[in-house]
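Visitor: what would the 3D arrangement of this be:
(2 chains)
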Amino acid sequence: KAGVTQTPRYLIKTRGQQVTLSCSPISGHRSVSWYQQTPGQGLQFLFEYFSETQRNKGNFPGRFSGRQFSNSRSEMNVSTLELGDSALYLCASSHPTEGTQYFGPGTRLLVL
Amino acid sequence: GNSVTQMEGPVTLSEEAFLTINCTYTATGYPSLFWYVQYPGEGLQLLLKATKADDKGSNKGFEATYRKETTSFHLEKGSVQVSDSAVYFCALPGVTGGGNKLTFGTGTQLKVEL
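Guide: Model prediction:
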């Protein structure tokens, strides 16, 4: 079974721009969670989507948003990029009953 | 919410040495506990998990036992290899029974030398 896929793998943007990252979960997984990983703050939870609805939200500004489609694929968007948004963004999906999260390879975003 | 404390790294060991990475947690109830591993330039891989007290998770020679008396979930391996060099994260749900929001430790970098 294919794992979690994320596109693009690498991205370079400039301050003020916006970016959209995509995540395709493992087949049959309906929950998708997003995390930000930085050297200073470590791994921080952004939000979780289940059946196209946001179920959990972390402590990030409104510039960070997401959505989930009917096929469980998810996107996250960051508007008005800041230098501090440079990070590895990880997506994870989980099985409806098992609950264990499986991660994708991540999208590395560099904001210049 | 739940939280986890993990030993600081980096940890440098010689090949075939014994590994212990300490992890202690604070939680309401008895949530599942996880160890994830991150190899350079990659995402997180689930290494092992335990879903209830006294459970032992194991995979690829790594083991961890869910000890509710000491609120610990230490990771151990009897003989490390160079290929085990990576960053290891201890994790648990941010809120017991509260969906898929994981709280992670700060990560412990392991370097194994020949």
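Visitor: surely residue A:50 and residue A:33 touch.
Guide: No. At 9.3 Å, residue A:50 does not count as touching residue A:33 under the criterion of C-beta atoms under 8 Å. Heads up, the C-betas are built off the backbone N, CA and C, glycines and all.
Visitor: quick one: which of the two has more around it?
Guide: Under the criterion of other C-beta atoms under 10 Å in any protein chain shown, the comparison of residue A:50 against residue A:33 puts residue A:33 first, with 28 against 19.
Visitor: pLDDT value on the closest residue to that one other than its chain neighbours, please?
Guide: The shortest distance from residue A:33 to any residue that is not its chain neighbour, by C-beta to C-beta, 6 or more residues apart in numbering or on different chains, is 4.3 Å, and that residue is residue A:48. At residue A:48 the predicted local confidence, pLDDT, stands at 94.
Visitor: for residue B:98, same thing?
Guide: For residue B:98, the pLDDT comes out at 67.
Visitor: what residues are up against the closest residue to residue A:10 other than its chain neighbours?
Guide: Excluding its sequence neighbours, the residue lying closest to residue A:10 (C-beta to C-beta, 6+ apart) is residue A:108, at 5.1 Å. Under the criterion of C-beta atoms under 8 Å, 6 or more residues apart in numbering or on different chains, the contact list for residue A:108 reads A:9, A:10, A:11, A:87, A:88, A:89.
Visitor: then residue B:9?
Guide: Residue B:9 sits next to B:87, B:107, B:108, B:109, B:110 when contact means C-beta under 8 Å, 6+ apart.
Visitor: now a PyMOL select for only the buried ones of the residues you listed.
Guide: Listed next is the PyMOL selection for buried residues among these, using 16 or more other C-beta atoms under 10 Å in any protein chain shown:
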select buried, chain B and resi 87+107+108+110
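Visitor: in strands only, show me the contacts of residue B:9.
Guide: B:87, B:108, B:109, B:110 (DSSP state E).
Visitor: dump those residues into a markdown table; add distance to residue A:77 and pLDDT as well.
Guide: Written out in a markdown table, the entries for the ones in strands among the contacts of residue B:9 read as follows (distance: C-beta to C-beta, whole Å; pLDDT from 0 to 100):
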| residue | distance to residue A:77 | pLDDT |
| --- | --- | --- |
| B:87 | 28 | 97 |
| B:108 | 33 | 97 |
| B:109 | 32 | 97 |
| B:110 | 35 | 97 |
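Visitor: quick check: closest non-adjacent residue to the residue positioned nearest the centre of chain A.
Guide: Residue closest to the mean C-alpha point of chain A, counted by C-alpha atoms, centre = their mean, is residue A:34 at 3.4 Å. Of all residues not flanking residue A:34 in the chain, residue A:46 sits nearest, at 4.1 Å (C-beta to C-beta, 6+ apart).
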